[in-house]
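Engineer: Show me the folded form of this:
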Amino acid sequence: MNMHNLSQRPVGVLGATGYTGLEVLRVLREHDGVRVRFTTSEGRAGEEAGLPGVTLVRADEAPLEEVDLVFLCLPHGEAAGWAQRALSAGARVVDLTADHRPGSGREDGAVYGMADLAGTDVREARLVANPGCYATGVQLALHPLLKAGLLDRGRTVVVSAASGVMGAGRTPKRDLLFAEVAGDFRAYATGNGHRHLLEMRAGLPGLDLLFQPHLLPVPRGILETIYAPVREDVDATAVRAAWREAYGGADTIRILDGVPALRDVVGTDLLALGAVDNAGLGTPVVTVVAALDNLGKGAAGQAVQNMNLMLGFERARGLRWRV
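Structural biologist: Predicted structure coming up:
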């Protein structure tokens, strides 16, 4: 349990009652280097925030000047203005919305916070754009392969991804009701137009990406099956070697001999990666499988990784390793 003391760094959470905000609080509750100074909610101000001595307040009442860092867990489109207010008050910012991500048109000098790839830039940043959940798995799976020259860049990388329903947020939506989702499995955002593609293309320049997401009838977790066209001399063993070269010391990334499942990652801040060869093809393709919790490594866990870098902690401090 995180017992607050004066040596801990004060932080705040704007938008603490959505799924992402609640998950940030779950991680921070066990982080011994910080104390939560405030949490906000427009509809539940005055209620307990689930932390000792912390009560929800309206955003306009948040003492931005009293914290070292603010997490923005607001609806997309509302975070940009609050980021500037927090920065003006002297706080650093981790924005978990899409407002400052690549392709948003309002990056405002934000550093893209793929914490396992951009450590130095994140450490020096005042404003970090936390990556999207789908984009996290795809980029961390493919970036080392692209850097090592293992991919055949003349062919399309196909990503078939499936996410639990909590990735769509906590606001009630008819098509996400239990009776609508249970027993079903469906594709959405068809036609290669999902908004996370902007991030993927920025982080994987030159790759031809086809991304198709699906809705899983489970609460949380993402499984991404990536069909990676590779050079003639490349196999799954070479893919795993490239990952180990890139992430050998990263506590937040697990490289498996087999392929991961949701049960390996749900409730943690881990990304699990696996790769297998395919027989009977005219040109070689390695199947890469990436698994992560969309609220953990895909949101709150990575946001706390970024906070750790920005505040001078060890990168993985306070994160969750076991299901």
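
Engineer: CA only for contacts and neighbour counts going forward, please
Structural biologist: OK.

Engineer: can you pull the contacts of Pro284?
Structural biologist: With contact set as C-alpha atoms under 8 Å, 6 or more residues apart in numbering, Pro284 has these partners: 229-232, 234, 278.

Engineer: Identify, from those residues, the entry nearest to Gly53.
Structural biologist: Checking those against Gly53 with C-alpha to C-alpha, the nearest one is Pro229 at 53.4 Å.

Engineer: My guess is that closest one contacts Leu145. True?
Structural biologist: No: under the criterion of C-alpha atoms under 8 Å, Pro229 lies out of contact with Leu145, with a separation of 10.5 Å.

Engineer: Common neighbours of these two, please.
Structural biologist: Going by C-alpha under 8 Å, 6+ apart, residues that sit against Pro229 and also against Leu145 are Leu151.

Engineer: What's the local residue count around Ala202?
Structural biologist: The burial metric for Ala202, expressed as a neighbour count using other C-alpha atoms under 10 Å, is 14.

Engineer: still on that earlier bit, most surrounded residue in the contacts of Pro284?
Structural biologist: Across the contacts of Pro284, neighbour numbers were computed from other C-alpha under 10 Å; Val230 holds the maximum, 24 neighbours.

Engineer: May I ask which two of the contacts of Pro284 are separated the most?
Structural biologist: Every pair of the contacts of Pro284 checked by C-alpha to C-alpha; the farthest is Arg231 and Asn278, at 13.4 Å.

Engineer: can you pull out the helices in the chain?
Structural biologist: Taking DSSP state H as the criterion, the chain carries its helices at 19-29, 79-88, 119-124, 133-147, 178-181, 196-203, 236-247, 301-311.

Engineer: Could you identify which of those helices is most buried?
Structural biologist: When the helices of the chain are scored by mean count of other C-alpha atoms under 10 Å, the highest mean neighbour count falls to helix 301-311 (a mean of 26).

Engineer: Run the angle between that one and helix 19-29 for me.
Structural biologist: 50 degrees (axes from the mean of the first three to the mean of the last three C-alpha atoms, to 10 degrees).
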